[in-house]
Every structure is written in structure tokens, then in C-alpha cells.
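Participant: curious how this folds, go ahead:
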Amino acid sequence: MDPITIIALFGNVLQFVEFSSSLISKSTELFNSSNGALTEHTDIEAAANRLSLLNSKLIDGATKTGDEKLRDICESCESTASELLAALDRVKVKSKHRKWDSIRKALRTVWSKEDIAKLDQRLARVREELNMHVTADLRDQFLQFKLEQSNGLRDLDGATKNIMDAIVEQQDVFFAAHDTQTTLMTGLLQEIRDRIPTEIHSAATEGPGILPSPSSTVPFRRDPEFICRSALLDQIYAKCSTSASRVALVGLGGVGKSQLAIEYSYQMRERAPQTWIFWVHASTAARFEEGYRAIAEKAKLHGRDDPKTNILRLVYQWLCNEESGKWVLVLDNADDDTLFFNMQRERQDLSLVRTSSIPDSTRVQELSTYLPQSPNGSILITTRNDEMAFKLTGGYQDIIKVEPMDQDHALALLQTKTGDRSHEETAIELVKALDFMPLAISQAAAYIRQRAPRSSVVKYLSEFRKSEHSKANLLNYDAGDLRRDSSASNSITMTWQISFDHIRALKPSAGELLSLMSFFDRQSIQDYLLQSTSETKEGHERDCGDEGDDVSTSSNDDANSGFEDDITILRNYSLISVNKEGDAFDMHRLVQLSTRKWLEAHGQLEKWKRQYITRISQAFPTAEFSNWRDCQKLFAHAEAAVGQRPSGESSLKEWALVLHNAGWYAMTQGRFTAAARMIRKALVTREMVLGKGHPDTLTSLSNLASLLRYQGKYAEAETTNHRALDEREKVLGKEHPDTLISADNLASTLRYQGKYKEAEVISRRVLCSREKVLGEEHPDTLVSVNNLALVLRHQGKYGEAEVMNRRALEGSEKILGKEHPDTLRSFGKLASVLRYQGKYEEAEAMNRQAVTRYKRVLGDEHPDTLTTIGKLALVLQDQGKRGEAEAISRQVLEGREKVLGKEHPSTLASVSNLALVLQGRGKYKEAEAISQQALYGRKKVLGEGHPDTLTSFNNLALVLQNQGKYQEAEAMHRRALNGREKKLGKEHPDTLASARNLASVLEAQGKHEEAENAQEES
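Facilitator: Predicted coordinates for the structure are as follows:
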């Protein structure tokens, strides 16, 4: 290499070093700038361009030389130059970052102390290597030049000396620049420490400039037995996925809100491990602060241990900073809106907050102000308070209603928690009894599992159904749950009673309304039953004035406004729900039970029980047909009163009235089991409070007699009827309308027992008295006409019966209307008497009309409807329409078994009728089996001498005869004939039919003389 080239190359290296120092200086100026931008952007760009040109020359020079050592030095220079260009590019502010963010970025990525030292070492190494290489090369050249040209060598020697002096001079300049840069950078770092926000500085000072890895503060283990409600989790994911989202899970305590939040938290950690998951209990101010302090600790926030630090503001600012990363905050049990939106509370409430370390200046601020709305985070809230959810989320579209589980999920939860999948039907009944409430189901499962094998699903359900006391004991059981807040009870009743206490403290009248509602049936509690009226209040005060139950009065407008406010509060806490029309409310059964137990514990149970009894007694009407619609709406609430016997004479009178009217209505609807419970309790109560001879007591006694007759208990009904009639004749007189009712009912009971002659005598006497006292067209008179027609028909006096039936029908249609139940009965009875006279077509037409009307008025399964359908089957059978008759007969039998039971006389009649139809279709074996069933049932229920039992003897004899079993058939025919002669008389149509049947079977056996005698008798 010639000296000129070496000198030029060395000059380029020196320029390179000079411009490197210049770039460092420019970077210092950037950090010292006042506005966070490059103050000499143009100069730095120019310096960068010159550096690029010098770098190119350096590369060209290295390529021209064949010296490998020099090439290595050039490559090192090229690497250093490229690094400087990249550093310059990173230092540029390319977007609108904040000043200190840009400085921190530059400090961490480009101009750290380690980078500067490394650059300095590399530049020094290049300089030393280049000095040594050039010196050695020049020495060789100098020797050669000395041999060739001493004068040229002498000049070159002077030039070399100048170069060396320049190198040394430049070396001193670089070291001076380096020392200056080091001093500037040290000062700049100190300035940044003093001025950067504490939250950002802490990340740089507590973990060598690195934030802690995202993690979770969820305080609960994941539930391996969690039953996934996918629809709800999908809603949570969808709503929480939007920027700065706030989503609330709202529902009754124990419905599974927190469990959903726990599962969502764990799933989020799996899906997004770089996302922070924070859990904050929000039941009190102290718990809220505790949750925020846990966040500060987890994120290693600077100043968290300083007692002067406002921990809420510290965490809030950190969460608002996007540099903190993605996060999800679960705000659990945020039920108290005064905690979040009004810190100026009563002294006793503030005392809870005073125990925390929140500064006094902070207490006047609402806790809601410390909930960030940051695009890098989302908040999931669990609350029982719908209004609270709205306030925290800002819109109902971000509220997810969490209802009790559906049956499949509830069953899966019970089976999973108990580990028992047997007795599935019983398990379904249990989860239904527990209102599909997850906490109640988990509570029951824990009880069963801890006591197994002495406890099981079957035993638990049996114990649960024993009494209200048993229910309460089981629901108070607290087995503990690691996945519930330690301050929360695992007892479903205690969980809800927390809400009760809060509501009563917030608005006492709302607590009183809840107390009253807890006694009604859980569904369709009509609003007019709950709103206070002057009549209700006066009655309540009069009945219970000396027992501390007075209710304050107010104007109607104020009362209505207050009522709506109370309803809103109860709805907000998910304790009640409203129907679509807005005029009725629903509650969960277990909520009602828990409320009553709360009242019992606080000595208020009787007070609100009496309130409930008063209101339902005033609302529930008598069971006349015109009141049926109202009775239907209120029946469930009256039925709920059966188990709510009050104390106090006045309340007992009201209670008996409710049971009497509701039992009467149940009887008209064919709901005999429910009617029996009510009517018997009403009678016993009235006998105790009013006395056995009181007219109201006798009315209850008369109703009991009618009920017994409807249940087919004819002997007991007859005894009760006699007692009611005797007492009424003594107290009211023989011709009092109520006395005549008892007499008419006695005639009906005698008729059902086949005592037709006695029944006819009484029926004629009652009809005569009613015509005299009430008039010929009075509804009760028309009932007597119908009843007399029935007893005439049973005696085979069809013509006279038809006349009476037509009179009753015409009168009922005129007075009561075509669809009144009494009119429908008249219509059906006329159709029956026509059939007995062989007028089948007319009877069929009337029966079909009757069926249509009965279904419309009473429903498909009412006993009277089923009776009418059964009569249609018989008239079809009489006309040979046996296929349709069989189908209808089976339908009626199924309905009566369901509604009345298998041993009710009407059900046994359907069994007998089906056997008759099957016999007509030639299905003798099946007909025989069913005939045996009917006979056995009637002998057991009615006795061997009852007309219906004798009919079964006759029908079984016929089916045996048709199969050629003549001897058995003959024996059955003789029993039927003898019984009918004794019970009905020799001239009764049924008796004559039995004589003809006996003659037929005797003839079939060749007993012609006996057959002829039997035929003559018929």
C-alpha cells in the first residue's frame, strides 16, 4: 500500500471517530431538550448522512488494500457505524409519545451506561489496532524509501511525525468528549429519577427496570366439579372483550355469580397468560382497600408500604397506565350502592370505614371513582343489586342476569357433588324442591356426602318434605366452601338474610313488604293484595290492636309512591320478579321460607301472618260460578294459608273463612284432596271459635258431607248429612234455605247408595218446600227438580224423569244461562234419560254438545266433564259404534284414575263400562279380566249390595256366558238377580234384565223348564 492511500484511509478513520463523538453529543442534547422533541433534527440528519458517506469510503478503502489485518479493522468500523445509524434511528421521536416515556425508552434501549461503555471500548480498540498497523507498515516503507530516496524518506518521516501527532491529538479529543458525555448522562439520569411519576419509576427501581410477570390475585381454588353454564360464560366473554368494558353479573345470593367469575378468571389465565387477573371483595370499604393493596403488592408498586400513600389512587393510576399491560378486575359482592356512590353515611356505617388506612381526605370520595376505565382492562362485577349494576356499568346492555340453573345443570351439579348418579327421579325432585339454586344444591350435596351412607338423596328429600321446620334446619346447614368468601355464609338462608338486613336498614317499608309477601304462594302475587288500603288497615288494627300490630297510615298518593319504591328495591335485589303485565309478582320458595324464619327469629312471624290472613280473607270470594275467575287467581294463595294457622280469635275466624271458601271452590273444581284439607280445618276451627251450633259451623259441616259424597264415601257422608240436617232444623227451622240444602244433599247421598225410595220421598219434600219458600224458578228449586228426576230415572220411571229434566233445563237456561254448571248438568241428565228410553240419536247429539260445553267451562279433566264423555261412549256403544266407544272409554278411565284415583266409584264405573264395550267387540278375555277388576273394586268400596256392584255381577256373568262358561255365568246371574230384587224391587228394569239373562244362560245349558220360569218372572 502506498503512503498516500494509507494516510487517506487513516484520515477517514479519524473523521469517523470524530463524528461518532458528535452523534453522542447530539443524543445528549435530545435528552436535555425541554419539549421532548429533537432540537437539532436537521443537523443530526446531516451528521447521519456524512457518517454514511464516510462509512462507504472506509469500505472502499478496505477493499482496495490486500491487507487482511486492515480488512478486519474496516469490518469492525463498518459494524460500529451500522450500530450508530440504528441507534440514531431509535432515538428519533417518530410519533406523539409523551416526553418522559420517550426518555425512558431511550435510556432503556439505546443510551444505557453499558451501551456507551461498549461503544467506547470498540472505538478505542479500532484506534489502537490502526495505530499499530499503520506504524508497522510505515516503518517498512520508510526503510525501502531510505534505500531508494533518502530525501523522500526524510520528507515522509516529517509527514509521519505530523500524522502521529494528529492521532495523539485526536485521541485526547475523543477521551475528553467521552468524559463530558459521561458527566452529562449521569446528571440526566438523576433528573429523570426526580421528575418521572412514582408509578413509572417504581417499575424501573424494583426489578432492574422490568415489570413483574402478570399473575392472579384470585383467592379461591378452581372448582374441579364446576358445572359449566356455557351460555352465561359466552356472554361474559363477549361483553368483556370490548375495550374498557364493565360487565355485571346480577342475581339472587347463592345463584352462582361468584362461581362463574372464578371460573372465568381461571379460563382467562389459560387463554391470556400475559393478562393480570385481580380479585377485589367489595362488601365493605375495608375489603375494597384490602383488594387494592393486594394488587399493589402483586405488581410491586413503589410506595405501597408508605403509610402516607393513598393506596386506592396508587393502584387506580397504575391500572390506567397502558404500560402496565392487560388486566381483568373482578369486583365481587358489590351490593352496597352507598359504599360506592355516597361515602357520607351514618355514623355507625362510617365506623366500619374508619378502621381502614384510607386517608380522611379520600373518604369523602366515592369508591366508584377508583374504578378505572382503561382500554387495556375490563371489570367484571358480581352483585345482588340491579340498580347497583346499572350504576357501575352505565347501561342495562352490560348486565347479565344470572338465574337459577335449569333442571339438567342442577341435576348434574347434585350428582357431581354427591358422587351418586342413582335414583335420578328422586334427584330431580330434590333439585326442584331446592328451586334449582346452586348454593342450596351444593349445601345439600355436602350434607349427604358427609353423612353417607346414613344419608342419601332419597333420605334428604324425605326429611326436607317433613315440615317447614325440617326444611329450615337443612337449609341452615353450613359445610364450608373454599370457593366462597370466608366472611360469607355457606347456608342459603343466612346468605339471603344478609340481603334482608340490608333492605330493612335501607328502607324498612320494603322489608315489611317482603315480610308480607313471604306468606303468599310464590307465584302470581297480585299487586292489590299487597297495597295498603284504609279498609285493610282498619281491620288489622281492630283485630290485633292490643298485640302491637298497628300499621301506620298515609295518603293514597304517598302510599302508592312508597309501594312502587319498595317493589323496585325488592326487584333490584332479585328477591322478587314481575310478570309481563306488571300486576303480579313471583318469589322463590326458599326465599319465602328464609324470610319467615328471619321473622320468627325476630319475633315478628305472627304479626305478618295475621296481615296475610286478613288480606286473603277479604280478597277470596265465595265459590259461586260468577266468582270462579277470581277464585282461580287467588286459590294458590288461599291454599298456602292451610299451613299458616294464626293465633288470636279474630284471625282464626278469618282463617276459617279463607279455608271454607277456598275448600268450597276446590270442591266445585273436582280437586277433592285439596278441598278435604281446607274444609276439615275450617270445620274444626269454627267449632272451636264459634261453637258447634253456629250457622257458619253448620255450613262447613254441610260442605264436608257433600265432599264425602263426591269422594265416594257414602256411609260417612250420610252420617254427616244427618247431623247437619238435624242441627239446622233445630237452629234455623225446617224450611230455612240452608236446612233445605242439607235435606237435598241427604237425598243425593241416599240415591248414590241405591236407597231410591227413601231418596225420592226426601227429594219430593224438598222440592215442595223450595217452590213454596224460594219460588219455582229459583236456582235451588231447579236443582231439586234435577235431583228428583235422577232418583226417578234410577227407579226406571223414565217418562216422568224426562219431564222433570226438561223443566230443569229450560229453567236453568233462562235463569242462569246456557254455560252455567247447573245448566250443563241438566243438559247431560236429559241426554242420559233419553238414552235409557232408546232415543240414541237424540241422546248422542245432546251428549256431544254437553261434552263441548263442559270442556269450555270446566276443563278437560274436571270430574263432570269426564262423566259426560263417559256417557257419550255408552250411547255410541248402544248404536254399535264400538270402535269410537272403546277409544273414548279408555280416555275416560285414564282421566278418572288420574283425577279421582283408582278406587273412586266413578273410576270403577269407567272400568265397568270399558269391559262392556270390549265384550261388544268380542274381546272376551280382556273384557273378563276388566270385569273382574270392576267387581272386586266395587265390592271393596261400595259393598256387595250396592246397585253398581250388582251391575258388575251381571256384566261379568254375560262375558262368561259369551265364552261358554255357563255354570260360572249362571252363578253370577243368580247373585245379580237376587240382589236386585232385594235392593231395587222385582219391577225395576235392571231386575227384569237380570231375570232375562238368567233365563238365557239356563236355556244354553238345556235347563228349559227353569229357563221358562225365569222368563215368565221377567
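
Participant: going forward, measure contacts between C-alpha atoms and count neighbours the same way
Facilitator: OK.

Participant: could you pull out the strands for the stretch 501-650 of the chain?
Facilitator: 525-526, 577-578, 584-586 (DSSP state E, counting those that start in this stretch).

Participant: which secondary structure elements does the first one contact?
Facilitator: Packed against strand 525-526, as judged by 3 or more CA pairs under 8 Å, 6 or more residues apart in numbering; DSSP states H and E, are the following elements: strand 584-586.

Participant: which residues sit against the strand it packs on?
Facilitator: Arg522, Gln523, Ser524, Ile525, Gln526, Asp527, Ile576, Ser577, Val578, Asn579 (CA atoms under 8 Å, 6 or more residues apart in numbering).

Participant: just for the protein, where's the confidence low?
Facilitator: 1-211, 342-365, 479-490, 532-560, 1017-1018 (pLDDT under 70).

Participant: now do the strands in it.
Facilitator: If DSSP state E is used as the criterion, the strands of the chain fall at 246-250, 276-281, 327-332, 377-383, 399-401, 525-526, 577-578, 584-586.

Participant: who wins for proximity to Glu944 among these?
Facilitator: strand 525-526 (49.7 Å; CA to CA).

Participant: what lines up beside the closest one in the sheet?
Facilitator: With DSSP bridges as the test, strand 525-526 is paired with strand 584-586 (antiparallel).

Participant: next one: the strand it pairs with to chain centre, how far?
Facilitator: From the chain centre to the centre of strand 584-586 is a distance of 15 Å (CA atoms, centre = their mean, to the nearest Å).

Participant: now swap in stretch 764-778 and tell me
Facilitator: On CA atoms, centre = their mean, the centre of stretch 764-778 falls 58 Å from the chain's centre.

Participant: ok, residues contacting that stretch?
Facilitator: 735, 737, 740, 743-744, 780-782, 784-785, 788, 811, 815.

Participant: stretch 864-881 too?
Facilitator: Counting by CA under 8 Å, 6+ apart, 828, 832, 835, 840, 843-844, 847-848, 850-851, 854-855, 858-860, 882, 884-886, 888-889, 892, 895-896, 906, 910, 913, 917, 920 sit against stretch 864-881.

Participant: repeat that for 7 Å
Facilitator: By CA atoms under 7 Å, 6 or more residues apart in numbering, the residues outside stretch 864-881 that reach it are 828, 835, 840, 844, 847-848, 850-851, 854-855, 882, 885, 888-889, 892, 917.

Participant: list the buried residues of it.
Facilitator: Residues of stretch 864-881 classed as buried: 864-878, 881 (neighbour count, 16 or more other CA atoms under 10 Å).

Participant: swap in stretch 988-1008?
Facilitator: 988-1003.

Participant: so which residues make contact with it?
Facilitator: For stretch 988-1008, using CA under 7 Å, 6+ apart, the contacting residues are 795-796, 954, 961, 966, 970, 973-974, 976-977, 980-981, 986, 1010-1012, 1014-1015, 1017-1018.

Participant: make sure Asn805 is actually in contact with Leu788.
Facilitator: No - using CA atoms under 7 Å, Asn805 makes no contact with Leu788, being 8.9 Å away.

Participant: related to what we said a few turns ago, can you lay out the strands of the stretch 501-650 of the chain as CSV showing mean neighbour count?
Facilitator: Formatted as CSV, the strands of the stretch 501-650 of the chain follow (neighbours: other CA atoms under 10 Å):
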stretch, mean neighbour count
strand 525-526, 20
strand 577-578, 19
strand 584-586, 18
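
Participant: roughly how far does Lys734 sit from Thr781?
Facilitator: 16 Å (CA to CA, to the nearest Å).

Participant: what of Thr614?
Facilitator: Distance, Thr614 to Thr781, using CA to CA: 35 Å.

Participant: on that earlier part again, out of the buried residues of stretch 988-1008, which sit inside helices?
Facilitator: 989-1003 (DSSP state H).

Participant: contacting residues for Gln753?
Facilitator: So Gln753 contacts Tyr714, His946 (CA under 7 Å, 6+ apart).

Participant: quick revisit: out of the contacts of stretch 864-881, which comes closest to Leu590?
Facilitator: Of all these, the one with the least separation from Leu590 (CA to CA) is Lys855, at 36.0 Å.

Participant: and the closest one, how many neighbours does it have?
Facilitator: 17 (other CA atoms under 10 Å).

Participant: tell me the spacing between it and Ala334.
Facilitator: 53 Å.

Participant: re the thing from before, now the contacts of strand 584-586 as JSON lines including distance to Val218?
Facilitator: Shown next, in JSON lines, are the contacts of strand 584-586 (distance: CA to CA, whole Å):
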{"residue": "Arg522", "distance to Val218": "37"}
{"residue": "Gln523", "distance to Val218": "38"}
{"residue": "Ser524", "distance to Val218": "41"}
{"residue": "Ile525", "distance to Val218": "41"}
{"residue": "Gln526", "distance to Val218": "44"}
{"residue": "Asp527", "distance to Val218": "43"}
{"residue": "Ile576", "distance to Val218": "31"}
{"residue": "Ser577", "distance to Val218": "32"}
{"residue": "Val578", "distance to Val218": "35"}
{"residue": "Asn579", "distance to Val218": "38"}
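
Participant: out of these, who's nearest Asp305?
Facilitator: The closest of the contacts of strand 584-586, once distances to Asp305 are taken by CA to CA, is Ile576, at 45.6 Å.

Participant: how about that closest one, nearest residue that isn't a chain neighbour?
Facilitator: Met587 (4.9 Å; CA to CA, 6 or more residues apart in numbering).

Participant: didn't that neighbour look like it was pressed against Val578?
Facilitator: No - the criterion here is CA under 7 Å, and Met587 misses it with Val578 at 9.2 Å.

Participant: once you drop chain neighbours, what's closest to His862?
Facilitator: Using CA to CA, 6+ apart, the nearest residue to His862 is Gly670, at 5.9 Å.

Participant: how many neighbours does that neighbour have?
Facilitator: Neighbours around Gly670, by other CA under 10 Å: 20.

Participant: my guess is it meets Gly859, correct?
Facilitator: No - the criterion here is CA under 7 Å, and Gly670 misses it with Gly859 at 10.6 Å.

Participant: any idea how far Ala472 is from Leu590?
Facilitator: Taken as CA to CA, the span from Ala472 to Leu590 is 9 Å.

Participant: quick one, which of these two is more surrounded?
Facilitator: Neighbours were tallied for Ala472 and for Leu590 using other CA under 10 Å; the higher tally belongs to Leu590 (22 against 18).

Participant: and the gap between that one and Lys401?
Facilitator: 19 Å.

Participant: check Gly880 too.
Facilitator: Gly880 is 61 Å from Lys401, by CA to CA.

Participant: how about His722?
Facilitator: 60 Å.

Participant: next: Gln415.
Facilitator: Gln415 is 25 Å from Lys401, by CA to CA.

Participant: for Glu886, same thing?
Facilitator: 52 Å.

Participant: for the two, indicate the residue with more neighbours.
Facilitator: Glu886 (23 against 16).

Participant: for the more buried one, give me its contacts.
Facilitator: Contacts of Glu886 by CA under 7 Å, 6+ apart are Leu914, Val917, Leu918.

Participant: ok, and the closest non-adjacent residue to Asn579?
Facilitator: Phe585 (6.1 Å).

Participant: is the one you found bridged to anything, and to what?
Facilitator: Ile525, Val578.

Participant: measure it to Gln526 for me?
Facilitator: 7 Å.

Participant: who touches both of these two?
Facilitator: Contacts common to Phe585 and Gln526, judged by CA under 7 Å, 6+ apart, are absent.

Participant: okay, Asn847 and Leu858: tell me how far apart.
Facilitator: Applying CA to CA, the value for Asn847 to Leu858 is 16 Å.

Participant: one more: Arg896?
Facilitator: 15 Å.

Participant: neighbour count: the two, which is higher?
Facilitator: The neighbour comparison of Arg896 against Leu858 (other CA under 10 Å) goes to Arg896, with 25 against 18.

Participant: which non-adjacent residue is nearest that one?
Facilitator: Nearest to Arg896 is Thr907, by CA to CA, 6+ apart, at 5.3 Å.

Participant: now Ile227
Facilitator: Leu413 (6.1 Å).
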